[in-house]
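1. Please find the sequence and the predicted model below.
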Amino acid sequence: MGTVATAPGSLAMVQRFINTADLEAAADGLRTPEALRTWLRQNVREPGAVGESDLAVALTLREALRDLAEANNGGSPAPSALQVLNRVADRARLAPRFAAGGARLEPLAGGVDAALGELVAAVYEAMASGAWARLKACARHRCRWAFYDASRNRSGTWCSMRVCGNREKAQRFRRRAARA
């Protein structure tokens, strides 16, 4: 990918999570439970033991988040994606925690459920702050890379104008030329 703006705060963690799968290159950074464990330990928190069922939940969450980021780029959120977030939030037993500086959601569960719950809590906080609407999935269907739309008018469509934007515009030009 070209230069992709990084989301602020904990939303950057969600962006990195979505981008563990490079759809265009058919590369997945979370192919095994051990790969998931490593990613969670490095980016979220120590998850403890990670099994195949945990991996399945994480991959389902990742694609639900990608679908929701795609909805931020002009679509409607899929009800099934929202259901996935709710299920992960339930498993994590997310609860509000209040401090002098404000409040945040924290998982009461442990292990992988808590780590995945941290991701859902970050989405919740981003939605509450308005930052979530700027996390988008590239409109080029073969790509769908998560990017943070830092444009003033929130009009970003592609993860990179130099890469996906140019490819998409060239493809549209070729289609129009073929019809003419």
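-> Noted; the coordinates are in hand. Given the structure is predicted, the values throughout are model-derived calculations rather than measurements.

2. after the helix or strand where Ala81 lies, next one along is what?
-> Assigned by DSSP states H and E, Ala81 falls within helix 79-92. Next in sequence after helix 79-92, counting helices and strands by DSSP H and E, comes strand 94-99.

3. Neighbouring strands of that next one in the sheet, and parallel or not?
-> Here strand 94-99 is paired, per DSSP bridges, with strand 102-107 (antiparallel).

4. neighbouring contacts of the partner strand?
-> With contacts defined as C-beta atoms under 8 Å, 6 or more residues apart in numbering, strand 102-107 is touched by 92-97, 113-114, 117-118, 120-121, 124-125. Where C-beta positions appear, they are placed from N, C-alpha and C, glycine not excepted.

5. now do 6 Å
-> Among residues not part of strand 102-107, those counted as contacts by C-beta atoms under 6 Å, 6 or more residues apart in numbering are 92, 94, 96-97, 114, 117, 121, 124.

6. now the residues you listed: which count as buried?
-> Among the contacts of strand 102-107, the ones that count as buried by 16 or more other C-beta atoms under 10 Å are 92, 94, 114, 117, 121, 124.

7. Tell me where this protein has strands.
-> Ranges of strands within the chain are 21-22, 27-28, 94-99, 102-107, 135-137, 146-148, based on DSSP state E.

8. looking at this structure, which helix or strand does the model trust least?
-> Least confident helix or strand of the chain, by mean pLDDT, DSSP states H and E, is helix 166-179 with a mean of 63.

9. Now the phi/psi pair for the nearest residue to Ala12 once chain neighbours are set aside, please.
-> In space, and not counting its chain neighbours, Ala12 is closest to Thr6: 5.2 Å by C-beta to C-beta, 6 or more residues apart in numbering. With angles defined as degrees, to the nearest 10, Thr6 sits at phi -90, psi 130.
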